[in-house]
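Asker: Quick one: sequence plus predicted model below, questions after.
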Amino acid sequence: MPSSEIIGWFADVGLSDRPTVGGKGGSLGELTRAGIPVPPGFVVRTAAFERFLRTLEKEGPIRTSVEALSGHELEKITALSECLRKRVESAPLPEDVNSEILAAHIELCGGDSNPPLAVRSSATTEDSADASFAGLQDTYLWTIGAQETLKRVRSCWASLYSVPSIAYRRKHGMPESSVAMAVVVQGMVNAEKAGVMFTRSPLTGDRSVVTIEGAWGLGSAVVSGEVTPDRFVIAKITGEISVREISDKHVQHVPAQAGGVKEVETPENLRRVPCLTDPEIVALKEIARKVERHYGRPQDIEWAIDQAGKIFLLQSRPETVWSVKERGPVAKPTDNPLQHVMKIFGGRR
Amino acid sequence: MKNSNATTKAKGFPLPSSLKVVPGTERAQASYPYYMQFSKEDDERFWFYNSMHFPEPMCVFDMITAEAAYCALGSANTRIHCLPTTLGIDYRIINGRVYIGGNAVTDPSEIARRTGEFQRRAFYYYENWERLFAQWKDKMMALIRSAQALLKPDLPEFEPLEHVHAGRGVASNHYILETYQKTIEGYFRMWHHHFEFLLLGYGAYLTFFDFCKKAFPEISDQTVARMVAGIEAEIFRPDDELRRLAKCAIDLGVEGEFREGTSPDEIIKSLEKLGKPGVAWLKELAVSRDPWFNINVGDGFYHYHRSWNDDLSMPFAALPGYIANAKAGQRLERQTDRLMAERQRLIADYRELLETEEERAAYDQMITLAHRVFPYVEGHKFYCEHWYTNLFFNKIREFGEFLSKHGFFPQADDVFHLSHYELETAIVDLMTSWSNGSPPRGISRWPAIVKERKEAIAEWAKHETAPALGPVPDIIDDPAIVMLWGITRENLDTWLTAGEQPHSNEIRGFAASNGVVEGVARVVKSAEEIDRLRHGDILVCQVTNPSWAPVFQKIAAAVSDIGGSMSHAAIVAREYGLPAVVGTGTATQKIKDGQRIRVDGGRGVVTLLE
């Protein structure tokens, strides 16, 4: 099926589509178009949420009831949240939304009826300067079957009405009309190992290195901080691996039999073993450089390597910490280039 | 490391006055000139053991290498270029070990005054670098030629008749003294040439290095070094000549004569027997030898580090390996085009990563200067520490033969147990004896002294040497010490804490060349032990120098006590793509010969595995 007002396949969307596919969806589309390996998938665009919301509004106000509250009225927010979430999770979907998601689901799954999928919220405000807001949205890993997918899409929408989300928006006086949510539905990487990487050093801001953090199993254990990942630093240009900090990766996230993810202890013989080989570190570095070049600025990236050893990217967003720091030039050209040597010969440095 | 500062600062290094001369060697210690002996006042200052240049106890004659070098280094820094923050290097010797300390300039007004002088002098050198460097080469070659022209010391029974008829009127004994004094004078002069450009060259390199470290805080030292290093520097040339000779042997069909374990003499004899092709190869050998085999197996500071020309076993030991590599289809010549292209790519790629055009412009200025000056930094060693130094020690050796022929001591090399002052007295003694017909007085004096001093050297070699003495400075701000010895405050902390963790199985140093290798350590404490290295061994040594390059073809990794990212071991290891950790301070003391170790050249860590 082609992309539509409701569904956007990764290959058909990009960063400029952010208002309709959200930050995460736009980024995954952008990566797909740039030829970076990303698990295949589609975005349930904000229009689907808008249509759903319109049907809901007919039965009782939603946006105005949120805007009526102040950020400090926690009890009222809690009561409203409970009510709104229930409605979002249980009200029937508009027919076109329902059928298009189901059709996309079938196409994504191909012949295999039940491959595991990841359903991830992709808010249009997400990845903006205030990253903490992004953390309020949900991601559901290892969902199996069309009904489960539909359910998780609703869960993502519902997360917009969680207590912290509402409280956050009210505290910052954000208009509800600006709040929309797209949802990413994509193939799940059965990761043997996964983690994050940064195309500039998070410690020093150095743009000449890629810092890679990784651990066994799904990347959620690293992102959530439940395991101390191995840490590698590799020079972008020379490929020298200058840091290899191998940590005790005591737990890992693995798929649960009934769907979802569970935490298990890492087998003893793997705990203190580096999760990445040198060729994998180099391959990740190459992909990181490609992404950074594509965007023209430093990136924070989530990666995974599946059981067959294939690398996938799950997310890439602009690095925000060092990029906003104002740093003076390390040195300026001098009229007499020899003046530079006074830094060495001229006394205390 | 930060946490340890508090404890180490209080601790400090032993005071010079707490060091004891090894009992029984007091007279040998007293043979070093008074100005090299420690005194009470020296306790106030910080000193470190210069094991980079002087890894073994120094014979009293060989101390001229420290004396002449520091005299010239200090002159260049203090009086010629007027470095703003540092004067020269002071040195002392105890138990045959050379300690050095810098004289820093700390008074701001004095620094300002010297800065003005420095810019009038050093900047002129930078601005006229190519012309002055060309002039330097001429001066250096003239000095080498004049050393080559010095007479071999000898005394005829009667003055040759032609001298008499020509009315020369000056007897041969006078020319012995003249030759000796010219030999010593030339050696001191050579060191002035050595330091004429050196600090300025290193300074320009460090300027670029410093910039890279600020712009790219996590860039490795070796990457910066690779951006600056020359491709066709003289230090690669002796090794290149060996590759050329290996190829010649194959082209001439005489490669079968080069078998491992066969002595150079035997190989040369069998080549001569082969007739035309063998003789043709020997001609090629002669071409390589002059001047490229004037490279000694040390760094130019010990009389017994003979040159390849004096002892062909080092170059010949490497030939079978090069021949085998060539036959296995390996390209033998260094691929200078490829190396140059790699260097340019590195420079361009890092340039692209800079954030602003302003920074790129500054980067361009600094790398341009570094490239202009670096040929001197890389090239001077061949002329100074190798070629000229070989001529010098061989000339002194001729005096040794001469004196031993006249009964002053049993062997020619015994001469190196006399200081250069004492040697002159022995020469005057012999001149006098020749003139008046009495036996030389020295024949009853020197043999016992030489014996005593030899025993002292052997004794001193058994004792461990404290890496540093005296109070730990807050920071090391002497550019000469940082540049030449790679000594920083962080190094000192490592040295201080090394003793506190006797059970640690890790030794840390500079990450000099990337890669991880496990293998058997071969601890090579002097150049004579090089032939103990087997294929796949990990070389563990105090310091390497250009003549060691051929061993890098058979080792798996290299570890050294001394050296930074531009040290010889680091440069050659990168060329050969071997992991290397340099500047560990203590590897040769901590690693046992034959022990299994892991060398992580990317992190600068050596792990003892058993």
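Answerer: Nice, thanks for sending it over.
Asker: all contacts plus neighbour counts: C-alpha atoms, from now on.
Answerer: OK.
Asker: and the stretch 101-250 of chain A, which residues reach chain B?
Answerer: A:204, A:206-209, A:235, A:237-238, A:240-243 (C-alpha under 8 Å from any C-alpha of the partner chain).
Asker: Which pair of those spans the longest distance?
Answerer: Distance extremes for these: the farthest pair is A:204 and A:238 at 18.6 Å, using C-alpha to C-alpha.
Asker: picking that back up, for the residues of the stretch 101-250 of chain A next to chain B, pick the one with the most neighbours.
Answerer: Counting neighbours by other C-alpha atoms under 10 Å in any protein chain shown, residue A:209 comes out on top of those with 29 neighbours.
Asker: Tell me if I'm right that it and residue A:232 touch.
Answerer: No - Residue A:209 is beyond contact range of residue A:232, at 10.0 Å (criterion: C-alpha atoms under 8 Å).
Asker: wait, what's in contact with residue A:251?
Answerer: A:221, A:226-227, A:263-266 (C-alpha atoms under 8 Å, 6 or more residues apart in numbering or on different chains).
Asker: Next, the contact list for the residue nearest to it when sequence neighbours are not counted, please.
Answerer: Excluding the flanking residues, the one nearest residue A:251 by C-alpha to C-alpha, 6 or more residues apart in numbering or on different chains is residue A:265, at 4.3 Å. Residue A:265 makes contact with A:250-252, according to C-alpha under 8 Å, 6+ apart.
Asker: okay if I get those residues as CSV plus secondary structure?
Answerer: Below are the contacts of residue A:265 laid out as CSV (DSSP: H, G, I helix; E, B strand; the rest coil):
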residue, secondary structure
A:250, coil
A:251, strand
A:252, strand
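Asker: can you give me the strands for the stretch 151-300 of chain A?
Answerer: A:181-187, A:191-198, A:209-216, A:230-235, A:241-245, A:251-255, A:261-265, A:299-306 (DSSP state E, counting those that start in this stretch).
Asker: got a list of contacts for the first one?
Answerer: This means strand A:181-187. By C-alpha under 8 Å, 6+ apart, strand A:181-187 touches A:20-22, A:24-25, A:39-46, A:48-49, A:108, A:115-124, A:149, A:153, A:156-157, A:160.
Asker: which among those end up buried?
Answerer: A:20-22, A:24-25, A:39-46, A:48-49, A:108, A:116-124, A:149, A:153, A:156-157, A:160 (16 or more other C-alpha atoms under 10 Å in any protein chain shown).
Asker: Outline the domain layout of the chain.
Answerer: Looking at chain A here, since you left the chain open. A:7-187, A:191-318 (automatic domain parsing).
Asker: switch to chain B, that's the one I care about
Answerer: B:2-115+B:464-485, B:236-293+B:311-336, B:504-608.
Asker: How many neighbouring residues does residue A:199 have?
Answerer: 27.
Asker: Tell me what the residue nearest to it when sequence neighbours are not counted is bridged to.
Answerer: Spatially, and ignoring its direct neighbours in sequence, residue A:199 is nearest to residue A:210 (4.6 Å; C-alpha to C-alpha, 6+ apart). Assessed by DSSP bridges, residue A:210 has beta-bridge partners residue A:234.
Asker: State the distance from residue B:410 to residue B:102.
Answerer: Per C-alpha to C-alpha, to the nearest Å, residue B:410 is found 40 Å from residue B:102.
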